[in-house]
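Asker: got a structure for you, letters missing:
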């Protein structure tokens, strides 16, 4: 998929999430003076931060986000989230996890989940779940979603 197409078709909330989408699609990303330069296989594309911000939130669809959450929660196993083999399994299912380190200088990490099949990017505070009062199953999968931050 070309990045310009992703800009128009993926649901994302901010510039960082779009950068995660670009990286998960294989683009190298550079930032300078309010512009991102994305490169992949001879393709080079420049986009301003304001252009990306204009698209952020433009495709918001709570129903689609819920579908993505259900799909991801059926596959996600928090206990295996740091295992490269497991991350590769998720990639085969069309799910990328973009880890963010030292978020906003606060010495804490987070992540964004990108569901390529449904074209939805969701930050950790809305996507990766902690168990609700029902708890977790023996596989470590949470049976439902709760909007709390969870760091892996």
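Answerer: That came through, no problem. Here the structure is a predicted model, which is why all the values come from computation and not from measurement.
Asker: Just give the nearest non-adjacent residue to residue 118, would you?
Answerer: residue 68 (4.6 Å; C-beta to C-beta, 6 or more residues apart in numbering). (Glycine included, C-beta is placed from N, CA and C.)
Asker: hmm, I was thinking of residue 17
Answerer: residue 121 (4.3 Å).
Asker: go on, residue 65?
Answerer: residue 120 (5.7 Å).
Asker: Ok, residue 41 next?
Answerer: Nearest to residue 41 is residue 26, by C-beta to C-beta, 6+ apart, at 7.8 Å.
Asker: State the pLDDT value of the one you found.
Answerer: If you check residue 26, the pLDDT there is 95.
Asker: any idea how far residue 97 is from it?
Answerer: Computed as C-beta to C-beta, to the nearest Å, the residue 26 to residue 97 distance reads 15 Å.
Asker: Who has more neighbours out of the two?
Answerer: residue 97 (22 against 12; other C-beta atoms under 10 Å).
Asker: my guess is residue 113 meets residue 100, correct?
Answerer: No: in this structure residue 113 lies outside contact range of residue 100 using C-beta atoms under 8 Å: 11.8 Å.
Asker: Assess the claim that residue 14 and residue 58 are in contact.
Answerer: No: using C-beta under 8 Å, residue 14 is not in contact with residue 58, being 12.0 Å away.
Asker: which one of these two has more residues nearby?
Answerer: Each of residue 14 and residue 58 has its neighbours counted (other C-beta under 10 Å); residue 14 has more, 15 against 11.
Asker: pLDDT value on the residue nearest to that one when sequence neighbours are not counted, please?
Answerer: Nearest residue to residue 14 in three dimensions, chain neighbours excluded: residue 56, at 5.3 Å (C-beta to C-beta, 6+ apart). pLDDT for residue 56: 94.
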